[in-house]
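K.L.:
sequence first, predicted model second:
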Amino acid sequence: MKWFLMLLIFVAGIYYLVGQKREEAKKQEMIELARKDQNSVLQEPALPLKPQKTYLIQFSKATLDTLRSLTQDANPKVRFAAAELLWQLQDESAPGVIKDMLDNETDSTVKIQLIDMLAKDKSQLSLALLTEALKDYDTDTRLHAVQAIGTFSNKEAIPALDRALNDYDEQVRLAALKAVDNIRKDIEAHKEQQLRELQDKKPLFRIE
């Protein structure tokens with residue numbers, strides 16, 4: 001009987017130590033996550049200048065040259081369709097072509113369509129191109145770009161809105177503030193979800 005009690009005490013002690021180590025490991029992991037978040041705020045990575053290709057479709061040079069030339073077509077629908085196809089094909093000229101169109105396009109509808117197209121991609125490259133639309137002379141275009149950036153839900157999107165936060169138009173400044181708040185809420189919600197998933201993780205082993 002005495003040996004049995006000692007064995008129970010020994011097992012209980014081991015269980016307590018394992019539980020303590022598991023709690024310490026969980027706290028340490030949460031601290032590391034917080035440190036990473038803090039570091040990412042202090043040092044934002046540079047936005048890429050070229051498409052990050054996930055697939056490659058071979059088109060002839062002549063076909064690509066034709067598509068590029070069609071972005072200068074007289075018909076605005078043709079211009080957008082050509083730019084959209086170049087973007088979907090991840091052509092190396094697509095970022096430069098779209099940047100030029102955002103800078104020089106005279107049809108506001110085409111610029112709005114380009115902004116919507118970029119917003120769907122949610123890549124660092126599309127975010128960088130959307131910041132170009134914040135320089136546009138047209139207030140509605142700038143507002144649309146601000147709203148698009150507000151859907152990105154990552155920390156890189158916040159500094160991308162700096163220009164809009166300093167815009168001469170109060171509508172754009174207000175929209176930028178709302179976009180920053182939306183991004184902040186989305187980031188916090190994502191972080192809370194990660195912590196919940198971390199807490200819900202079952203231990204690798206249990207001592208019964």
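P.N.:
Yep, that arrived. Numbers count the residues shown, from 1 in each chain.

K.L.:
now do the helices in the protein.
P.N.:
For the chain, the helices defined by DSSP state H occupy 2-42, 61-70, 76-88, 94-104, 108-121, 124-133, 139-149, 157-160, 162-165, 170-200.

K.L.:
which parts of the fifth one are buried?
P.N.:
I take that to be helix 108-121. Buried residues in helix 108-121, counted by 16 or more other C-beta atoms under 10 Å: 110-115, 117-119, 121. C-betas here are computed from N, CA, C, even on glycine.

K.L.:
again with the last one
P.N.:
Of all the residues in helix 170-200, those buried under the rule 16+ other C-beta under 10 Å are 172, 175-176, 179-180, 182-183, 186-187.

K.L.:
that one packs against which elements?
P.N.:
Using 3 or more C-beta pairs under 8 Å, 6 or more residues apart in numbering; DSSP states H and E, the elements in contact with helix 170-200 are helix 2-42, helix 139-149, helix 157-160, helix 162-165.

K.L.:
please produce TSV containing the helices of the chain, extended by mean pLDDT.
P.N.:
Converted to TSV, those look like this (pLDDT from 0 to 100):
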stretch	mean pLDDT
helix 2-42	53
helix 61-70	92
helix 76-88	95
helix 94-104	95
helix 108-121	95
helix 124-133	94
helix 139-149	96
helix 157-160	93
helix 162-165	95
helix 170-200	86
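
K.L.:
which members of the buried residues of helix 108-121 are the farthest-apart pair?
P.N.:
Val110 and Asp121 (17.3 Å; C-beta to C-beta).

K.L.:
now Ser153, what are its backbone angles?
P.N.:
phi 60, psi 40 (degrees, to the nearest 10).

K.L.:
that one contacts Glu188, correct?
P.N.:
No - using C-beta atoms under 8 Å, Ser153 is not in contact with Glu188; the gap is 10.4 Å.

K.L.:
looks like Ala133 contacts Gln147 (just checking).
P.N.:
No - with contact defined as C-beta under 8 Å, Ala133 does not reach Gln147; the gap is 10.8 Å.

K.L.:
more neighbours: these two, which one.
P.N.:
Ala133 (26 against 16; other C-beta atoms under 10 Å).
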